[in-house]
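S.K.: Predicted model, plus sequence, below.
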Amino acid sequence: MFSYVEALDFLGARKRRTIKPGLDRIKLLLEILGNPEKGKRVIHVAGTKGKGSTCVFISRLLSHHGYKVGLFLSPHLQCFRERISINGSFIPAGEFGEYIWDIKNIYEKKEEFNEIGEPTLFEILTAISFHYFHKNNVDFVVLETGLGGRLDATNVVLNPLTSIITPIGLDHMNILGDTIEKISFEKAGIIKKKRPVILSKQEKKALKVIIDKGRECDSKIYMEGRDFSSKILKMDKSGTIFTYKSQKNFFDNLKIKMLGEYQVMNSSLAIKTLEVLEDSDLIKISESKIREALEDAFIPGRGEIINEGGRTYLLDGAHNEISMREVKKFLQQYFGCGKINLIFGILKDKNIERVLEMILPCAEKVIFTAPSGVRERRTPPDYLLNLAKRMFPFKEMRASKNVIEAFRIADGFFSVEPVVITGSFYIVGEARSILKRYYFT
């Protein structure tokens, strides 16, 4: 039996292994576990931007309506247990260690895995989530894809209640393809025959691919802007007030704590999801519960503001072009161009130069850094510094070997507020931990 710490050591060793798209390993793993994914009422979410936030909003909306909701997210910010929760409570550490031990014994003793390969870290966590949700008899499962959709481990679900696709952009191009069309094809792989689809606004090229897949599957498609919409009434550093409108409902003066226009889109997708479930006679919507749930929802590391030690920090895990575009829009609106300090780190498989082109004009001073984990994927801070100097030769910038050192450099280097920490969820997760340890221990 693994303790929680032993389970983390085991998973940590697997993080350095290659991503292996495909469904053979997860199918075999779940079959041995008794197929806990079958018979579950699943809401499946894919996309490039906002899929995690959308999942959290859906989970909160359903739990506030009195349902027991399993939520599977990736990546985590600070601990693996964040990925698997029921009604906001993470899987207990003891059970997490127990399930990791069970999975390890399963694939080590099963000869079939010698032929198809050991399950990946993500496949192990996907299997554990289904196992945990099944044992706890949840009413709904909200499932975020890890990478793509068609060959993602979560795509063992054959009959979801609905499939949701958030905005699609260029990301993970070495695996999903180097065009919007190719990436959209992979994301649209979560669409299933005769199951409804809910779409955020998409680029024309992405929309065509998704619509074609929906037609192939004879799926009803609900599109943001056509079948439902939202309008921002007020947005400031305390949150956002907006309206939601569809053929079924008009909700005025809804409030969310999160910052950025994209969180209004994510919450609107979540409301539409509940409308689709109501159309199937699975739930009955309460406007008061919707209001409570939206205002209660909190998503760490997504437009999160932390005031500590005399500084204001804005943390957002924007790690691709489409995400950074939204962060830049928010920063320009509320802080002004060139009026922030920036701690930035990003992984190798991103369009680094394009992301830097977007965010660096917003910063007065910059510290480049790298996460302590994912060593094979992180971009060296010195490389980022040299690239940025060629792009913006007169900007004040430095490199730090890790996030802890970046904070130390910031004490004597940064002057204006806020300090924006972005570029990778790994960077944001480490920053949240540092802020807590640094000021409270």
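M.R.: That came in fine, so what should we check first? Residues are numbered from 1 along each chain as shown.
S.K.: okay but residue 182 is in contact with residue 175, surely?
M.R.: No. With contacts counted by C-beta atoms under 8 Å, residue 182 stays clear of residue 175, the gap being 10.3 Å. Any C-beta I mention is one placed from the backbone N, CA and C, and that applies to glycine too.
S.K.: Make sure residue 372 is indeed in a helix.
M.R.: No. With DSSP: H, G, I helix; E, B strand; the rest coil as the criterion, residue 372 is assigned coil and is not in a helix.
S.K.: Pull the number of nearby residues for the residue lying closest to it once chain neighbours are set aside.
M.R.: Leaving aside its chain neighbours, residue 372 sits nearest to residue 402 (5.7 Å; criterion: C-beta to C-beta, 6 or more residues apart in numbering). Burial of residue 402, expressed as a neighbour count using other C-beta atoms under 10 Å, amounts to 18.
S.K.: Give me the pLDDT for residue 402.
M.R.: pLDDT for residue 402: 95.
S.K.: how much space between it and residue 318?
M.R.: Noted for residue 402: a distance of 20 Å to residue 318, by C-beta to C-beta, to the nearest Å.
S.K.: can you give me how far stretch 57-71 is from the chain middle?
M.R.: Put simply, stretch 57-71 sits 17 Å off its chain's centre (C-alpha atoms, centre = their mean, to the nearest Å).
S.K.: What average pLDDT does that stretch get?
M.R.: Averaged over stretch 57-71, pLDDT sits at 98.
S.K.: Dump it to CSV, keeping only the CA atoms.
M.R.: Output of stretch 57-71 as CSV, limited to C-alpha atoms (Å, rounded to 0.1, in the frame of the first residue of the first chain):
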residue,chain,number,x,y,z
PHE,A,57,-18.5,26.4,-13.3
ILE,A,58,-20.6,23.4,-14.4
SER,A,59,-19.6,21.5,-11.3
ARG,A,60,-20.5,24.4,-9.0
LEU,A,61,-23.9,25.0,-10.7
LEU,A,62,-24.9,21.3,-10.4
SER,A,63,-23.7,21.0,-6.8
HIS,A,64,-25.6,24.1,-5.8
HIS,A,65,-28.7,22.4,-7.3
GLY,A,66,-28.2,19.6,-4.8
TYR,A,67,-26.3,17.0,-6.8
LYS,A,68,-23.2,15.1,-6.0
VAL,A,69,-20.7,16.0,-8.7
GLY,A,70,-17.4,14.4,-9.6
LEU,A,71,-14.9,16.8,-11.2
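S.K.: So which bits of that stretch are buried?
M.R.: Within stretch 57-71, the residues that count as buried by 16 or more other C-beta atoms under 10 Å are 57-65, 67, 69-71.
S.K.: buried ones in the helix or strand where residue 242 lies?
M.R.: Using DSSP states H and E, residue 242 sits in strand 239-246. For strand 239-246, burial by neighbour count (16+ other C-beta under 10 Å) applies to 239, 240, 241, 242, 243, 244, 246.
S.K.: Repeat that for stretch 101-116.
M.R.: 101, 102, 103, 104, 106, 107, 113.
S.K.: ok, residue 123 - contacts?
M.R.: Taking C-beta atoms under 8 Å, 6 or more residues apart in numbering as the criterion, residue 123 is in contact with 25, 26, 29, 153.
S.K.: of all those residues, which two lie farthest apart?
M.R.: 29 and 153 (9.0 Å; C-beta to C-beta).
S.K.: Looking at those two, which one has more neighbours?
M.R.: Between residue 29 and residue 153, counted using other C-beta under 10 Å, residue 153 has the larger neighbour count: 27 against 24.
S.K.: Of the buried residues of stretch 101-116, which belong to strands?
M.R.: Using DSSP state E, no member of the buried residues of stretch 101-116 sits in strands.
S.K.: Could you list which of those belong to helices?
M.R.: 101, 102, 103, 104, 106, 107, 113 (DSSP state H).
S.K.: ok now the helix or strand hosting residue 53, how far from the chain's centre?
M.R.: Element membership for residue 53, per DSSP H and E: helix 51-64. Offset of helix 51-64 from its chain centre (C-alpha atoms, centre = their mean): 12 Å.
S.K.: ok, now stretch 337-354?
M.R.: Taking C-alpha atoms, centre = their mean, the mean C-alpha location of stretch 337-354 is offset from the chain mean by 18 Å.
S.K.: Over to stretch 140-158?
M.R.: 13 Å.
S.K.: Show me what counts as buried in that stretch.
M.R.: Buried-residue list, stretch 140-158, by 16+ other C-beta under 10 Å: 140-150, 152-157.
S.K.: repeat for stretch 154-174
M.R.: Going by neighbour count (16+ other C-beta under 10 Å), the buried part of stretch 154-174 is 154-157, 160-172.
S.K.: First-to-last residue distance for that stretch?
M.R.: With C-alpha to C-alpha, to the nearest Å applied, stretch 154-174 spans 20 Å between its terminal residues.
S.K.: Helices of the stretch 251-400 of the chain, start to end?
M.R.: Assigned by DSSP state H, counting those that start in this stretch, the helices in the stretch 251-400 of the chain fall at 261-279, 287-296, 321-334, 352-359, 381-391.
S.K.: C-terminal to the strand or helix carrying residue 70, what's the next element?
M.R.: Using DSSP H and E, the element containing residue 70 is strand 69-72. Sequence order places strand 84-86 as the next helix or strand after strand 69-72, per DSSP H and E.
S.K.: and that next one, average pLDDT?
M.R.: Here the average pLDDT along strand 84-86 is 97.
S.K.: Return the list of strands paired to that strand, each annotated with direction.
M.R.: strand 69-72 (antiparallel), strand 89-90 (antiparallel) (DSSP bridges).
S.K.: Would you mind giving those strands as TSV with distance to residue 312 added?
M.R.: Below are the strands paired with strand 84-86 laid out as TSV (distance: least, C-beta to C-beta, whole Å):
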stretch	distance to residue 312
strand 69-72	29
strand 89-90	28
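S.K.: Looking at these, which is nearest to residue 294?
M.R.: Nearest of the strands paired with strand 84-86 to residue 294, taken as C-beta to C-beta: strand 69-72 at 15.2 Å.
S.K.: Which of the helices and strands in the chain ranks last by mean pLDDT?
M.R.: Ranking every helix and strand in the chain by mean pLDDT, DSSP states H and E puts helix 173-176 at the bottom, with a mean of 74.
S.K.: Quick one: list the elements packing against that one.
M.R.: Contact here means 3 or more C-beta pairs under 8 Å, 6 or more residues apart in numbering; DSSP states H and E; on that basis helix 173-176 packs against helix 180-187.
S.K.: In the helix it packs on, which residues are buried?
M.R.: Those would be 180, 183, 184, 185, 186, 187, for helix 180-187 by 16+ other C-beta under 10 Å.
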